[in-house]
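Asker: Make a model of this:
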Amino acid sequence: INGKITNAPISREAARQILDLQDHPRKIVIKHDVRIPQKAGFGASGAGALSTALALNAVLELGLSREECGKIAHVAEVTHQAGLGDVIGQIHDGMEFRVKEGAPGIGKIKHLEIDRSLFITCASIGTLETKKILQDPKSRNNIMKMGQELLESIKANKNLSLEDIFTNSKIFARKTGLIPPDLDHALKELEKNI
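Answerer: Reported below is the predicted structural model:
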C-alpha cells in the first residue's frame, strides 16, 4: 500500500477467493495507491478488496460480473470485520444509501439524484477501527437500533434530498458516539454558517 509492504488482510482475502476459482496456483503482487485516510470511515478496505477482485478477474480472464466481484469483496470485508456495507455502494456511481444490508445482488440501495456540479468535502481527524466497534456488542446493538430507526425515516420520505441524508447521518453519528468531540465541534461551527 503506497509503496510499503503491508499485510492488507481484506485485499489478500479477496485475492485468495479469486485465485481459488482457477485450477493452477499463481503468484501475484497487489499494489494499492490509496489517497484517502485509512481506518477513518472512507471505505478504503472495501475499495481495496473490490479493486483487487476486479483486477484479478480481468487479468485472469475469469469472466465474473462486476456484481460477482463485489460479492467476493463484500465477503472479504465482512470476514475481517472491516465493514458491512461499503462494497455495495462502491460498485455503483453517484450518491446512494443502503435500504437493505448485504452484498451486491443481495443488499438494496437507492440512488439519490444530485447536481453533478456539487462538491462534497470530507475530513478526518484520526482513526477508528471498524473491527473494534463491531466486536463490541453494546456499540453494535446501538448502531443497529439507530440505523434501523433512521432508515425507516429516510425510506418514508418521498422527496428525499441530499440535505435529508446529511441530517440523518449527523443524527446517527452523534447518537451512536461515532463522531469524535473535536469533529462534532467543527461540524457545529460549520452548521452555524449554513
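Asker: So what does Ser153 look like in phi/psi?
Answerer: Backbone dihedrals for Ser153, given as degrees, to the nearest 10, come out at phi -60, psi -40.
Asker: typo on my end, it should be Lys110
Answerer: phi -120, psi 130.
Asker: and it, bridged to which residues?
Answerer: Taking DSSP bridges, one finds Phe97 as the beta-bridge partners of Lys110.
Asker: Tell me how many other residues crowd it.
Answerer: The number of residues packed near Lys110 is 13, by other CB atoms under 10 Å. C-beta: built from backbone N, CA, C; applies to glycine.
Asker: pLDDT value on the residue nearest the centre of the chain, please?
Answerer: What sits nearest the mean C-alpha location of the chain, by CA atoms, centre = their mean, is Asp86, with 2.2 Å. Looking at Asp86, its pLDDT stands at 84.
Asker: Which residues are in contact with it?
Answerer: 43, 45-47, 77 (CB atoms under 8 Å, 6 or more residues apart in numbering).
Asker: Closest one of these to Lys155?
Answerer: Within these, the smallest distance to Lys155 is 22.3 Å, found for Gly43 (CB to CB).
Asker: How much space separates the closest one from His74?
Answerer: According to CB to CB, to the nearest Å, Gly43 stands 12 Å off from His74.
Asker: What of His185?
Answerer: Going from His185 to His74 by CB to CB gives 35 Å.
Asker: again with Ser139
Answerer: Distance from Ser139 to His74, by CB to CB: 21 Å.
Asker: quick one on the thing from earlier: which one of the contacts of Asp86 is nearest to Ala103?
Answerer: Among those, Glu77 lies closest to Ala103 (CB to CB), at 9.4 Å.
Asker: hmm, back to that, which ones among the contacts of Asp86 are found in helices?
Answerer: 45-47, 77 (DSSP state H).
Asker: Can I get the contacts of Asp86 in CSV including distance to Ala103 and neighbour count?
Answerer: Formatted as CSV, these follow (distance: CB to CB, whole Å; neighbours: other CB atoms under 10 Å):
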residue, distance to Ala103, neighbour count
Gly43, 15, 20
Ser45, 15, 27
Gly46, 11, 28
Ala47, 15, 20
Glu77, 9, 28
